[in-house]
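Asks: give the three-dimensional model of this entry:
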Amino acid sequence: MSVPHTVAEILQHHVTFELECIDRMYLNVYVPALQYEPGVVKFFRSHRGHPIASSALMDPMTKSFVASIERFVKQEQIPVVQFRKGQRKDDVMAEHLARFDKREGVVLLGKAQEKTPVFRTEKRRNPETGKSYPWIVRSTAMVNHYYWYCVDAEFGPFFLKFASYFPYNAKLCLNGHEYAKRQLRKEGIGFRALDNGFVSCEHPQRLQAICDEMGPQHIDALLRRWLEWLPHPFTARDREAGYAYDVSILQAEFSLTQVLDRPLHGRILFEEIVRENLDIGRPDMVQLLFNRRITKRTPGRFRTRVLTEGVIPSLHIDYKNSRIKQYFKQVPDVPEVGARTETTVNNTRDFSIGKRLCNLPALRQVGFPANRRLLEVQRLSQDCALGEESLHQLNRPVEVNGQRTSALRTTDLRVLALWHLLVWFRLLPCGFANRDLREQLAVLTGQSPHLITQGRMTYDLRRLRLHGMIQRIPSTHRYRVTDFGLRAALYFTRVHARLYRPAVAQILPHAPPLSSALQRAFQKLEQEIEAQIRAARLAA
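Replies: Here you go, the predicted structure:
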């Protein structure tokens, strides 16, 4: 069996199963009208009829809410766990879940003290009368939080965390892969599970359809079902008056799992990915992955990180508050290995999308394409083979349908800049225009855009088009990079960076001596060239 050497070869021939699915979602559950001071005042004065809005009115609500939780736990005989500092809550849940034998229900109730936004009363004084009066202000406090770890018939394991103090905000955490597993079991479709994912499925098209169908309405229905059953901090009269919980997206993970036939192929894949993509976190590359314009005013750190857990590496790319992560997923006694590419959105505003749950479909159009674009960059960065005839074609003038154009010389720095830009522009879904090329070319060549004339840009575009590196999009003034153009651009930019530039630096006067490793490499190259020449002479 031959061992593959490139990302393209592995992704094309050694992926046995592939799935796009929303992974972990962390959601804010809150009453919109109670997130600001005037709304709190209105709740106590206009709705509940108190003459003065004060935090003293919140204490009876908290005591009643906590008492209802204690009654419910006693009635349902639910285990209660006091979480310790540094303890992994998921491990505690897994231990209890292994002993849970019901189709759905509460597995355990966890308690922990955490900081949360609250409202408190501040004494202020009227400057005219001198009398003091209470005033509601925002603050933070360490309060008890109650973690309801549950199993749902539709979504499987999840947790709902309530703060025990007004305005009783909550967090909902669920997993799209667990939802998909439950739906497959209901339909009687067999599958093999990976840790938080899948290895295979009898009906992969149906599985992908289930993952695509999971939307805001399913998540909202999950929350409403459990709010009806679990203790609620607000009365039925409060909810009828409009003080009901709404949902917003705090964090969403969009994953692409590709199961490889052998662990060896997974290691080769990540070795090539890490080696070839250490610069992919640069702003000019990140803006192509996320299809977002990045300027000097764009906040956040743009970087590539390679983290290693044991001997398994993972690649991390940051954009504002979001990131893309690539890593292995493997379980014991399973010969396959899953390569996971995962975009995590921590702030939907990074992409000019609202935070409410109804915006999840729009957010999917950011997360999943970002995964695909990253893999496309990694695949194309190695798939750049160029034949000898094509090499000569670029380095001499050509004539196409009576139109003649000059050569694209490999030693011309302007041509090199054009090739760099073609690699970038290949990732643009709508192609590029004359203006896009001019602005980026000016940056690479150290000129001002207004100094590059329209005629010069038309000349460059004509050269690229007649050499087959770009093609015009019909009925537009935009261009698309061809497959040949991409391979040629990748080939020559890499040859320049790895061969021409280091070699020229070494042969110049006053150049430092070659390192022993580099010297051995050049000697090996010369020996191979001489061997090929001798073989050709003998054959002649």
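Asks: contacts and neighbour counts: CA atoms only from here.
Replies: Will do.
Asks: which residues in the stretch 301-450 of the chain form helices?
Replies: 360-380, 388-394, 413-425, 434-445 (DSSP state H, counting those that start in this stretch).
Asks: quick one: the ones you listed as JSON lines, columns for mean pLDDT, mean neighbour count and distance to Phe43 too.
Replies: Putting those into JSON lines (pLDDT from 0 to 100; neighbours: other CA atoms under 10 Å; distance: least, CA to CA, whole Å) gives the following:
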{"stretch": "helix 360-380", "mean pLDDT": "84", "mean neighbour count": "18", "distance to Phe43": "30"}
{"stretch": "helix 388-394", "mean pLDDT": "63", "mean neighbour count": "13", "distance to Phe43": "74"}
{"stretch": "helix 413-425", "mean pLDDT": "84", "mean neighbour count": "19", "distance to Phe43": "54"}
{"stretch": "helix 434-445", "mean pLDDT": "83", "mean neighbour count": "16", "distance to Phe43": "54"}
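Asks: okay, the ones you listed in a markdown table with distance to Arg472 next?
Replies: Shown next, in a markdown table, are these (distance: least, CA to CA, whole Å):
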| stretch | distance to Arg472 |
| --- | --- |
| helix 360-380 | 21 |
| helix 388-394 | 19 |
| helix 413-425 | 13 |
| helix 434-445 | 11 |
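Asks: any idea which of these gets closest to Asp23?
Replies: Of all the helices of the stretch 301-450 of the chain, it is helix 360-380 that lies closest to Asp23, at 11.2 Å by CA to CA.
Asks: tell me how far the closest one is from the chain's mean position?
Replies: Centroid separation for helix 360-380 versus its chain: 8 Å, with CA atoms, centre = their mean, to the nearest Å.
Asks: out of the helices of the stretch 301-450 of the chain, which comes closest to Leu315?
Replies: That would be helix 360-380 among the helices of the stretch 301-450 of the chain, by CA to CA, at 11.3 Å.
Asks: check which helices and strands the closest one is in contact with.
Replies: helix 7-13, strand 246-260, helix 283-289, strand 337-345 (3 or more CA pairs under 8 Å, 6 or more residues apart in numbering; DSSP states H and E).
Asks: in this structure, which residue is closest to the centre?
Replies: Nearest to the geometric centre of the chain sits Thr343, at 1.2 Å (CA atoms, centre = their mean).
Asks: give me the nearest residue to that residue, chain neighbours excluded.
Replies: Spatially, and ignoring its direct neighbours in sequence, Thr343 is nearest to Ile324 (4.3 Å; CA to CA, 6 or more residues apart in numbering).
Asks: so that neighbour makes contact with Val366?
Replies: No: with contact defined as CA atoms under 8 Å, Ile324 does not reach Val366; the gap is 11.5 Å.
Asks: give me the below-cutoff pLDDT ranges for the chain.
Replies: Counting by pLDDT under 70, the chain shows low-confidence ranges at 1-11, 262-313, 330-336, 378-392, 498-519, 522, 529, 532-540.
Asks: what is Val29 paired to in the beta sheet?
Replies: Per DSSP bridges, the residues bridged to Val29 are Ala170, Val247.
Asks: count of neighbours near it?
Replies: Val29 has 22 neighbouring residues, counting by other CA atoms under 10 Å.
Asks: same check, this time on the one 4 residues further on
Replies: One way to gauge burial is a neighbour count; for Ala33, by other CA under 10 Å, it gives 17.
Asks: swap in Glu228?
Replies: Neighbour count of Glu228, defined by other CA under 10 Å: 9.
Asks: what strand or helix carries it?
Replies: Taking DSSP states H and E as the definition, one finds Glu228 inside helix 216-229.
Asks: tilt between that helix and helix 360-380?
Replies: Angle between the axes of helix 216-229 and helix 360-380 is 130 degrees (criterion: axes from the mean of the first three to the mean of the last three CA atoms, to 10 degrees).
Asks: just how off-centre is the following helix or strand past helix 216-229 within its chain?
Replies: Using DSSP H and E, the helix or strand that follows helix 216-229 in sequence is helix 236-240. Averaging C-alpha positions (CA atoms, centre = their mean) puts helix 236-240 39 Å from its chain's average.
Asks: I'd say Leu422 and Tyr491 touch.
Replies: No: using CA under 8 Å as the test, Leu422 is too far from Tyr491 to be in contact (11.8 Å).
Asks: please save the CA atoms from the host helix or strand of Arg24 in CSV.
Replies: For Arg24, the element it lies in under DSSP H and E is strand 15-30. Coordinates of each C-alpha in strand 15-30 appear next as CSV, following Å, rounded to 0.1, in the frame of the first residue of the first chain:
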residue,chain,number,x,y,z
VAL,A,15,-11.8,9.9,3.8
THR,A,16,-14.4,7.2,4.5
PHE,A,17,-17.1,9.4,6.1
GLU,A,18,-17.8,13.1,6.3
LEU,A,19,-20.3,15.1,8.3
GLU,A,20,-21.1,18.8,8.9
CYS,A,21,-22.9,19.4,12.1
ILE,A,22,-23.4,22.1,14.8
ASP,A,23,-21.4,20.8,17.7
ARG,A,24,-21.6,22.5,21.1
MET,A,25,-24.0,25.5,21.6
TYR,A,26,-23.9,27.7,24.7
LEU,A,27,-26.9,30.0,24.9
ASN,A,28,-28.0,32.9,27.0
VAL,A,29,-31.5,32.5,28.5
TYR,A,30,-32.8,35.8,29.8
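Asks: for it, what is the distance to the chain centroid?
Replies: In terms of CA atoms, centre = their mean, the centre of strand 15-30 is set 11 Å apart from its chain centre.
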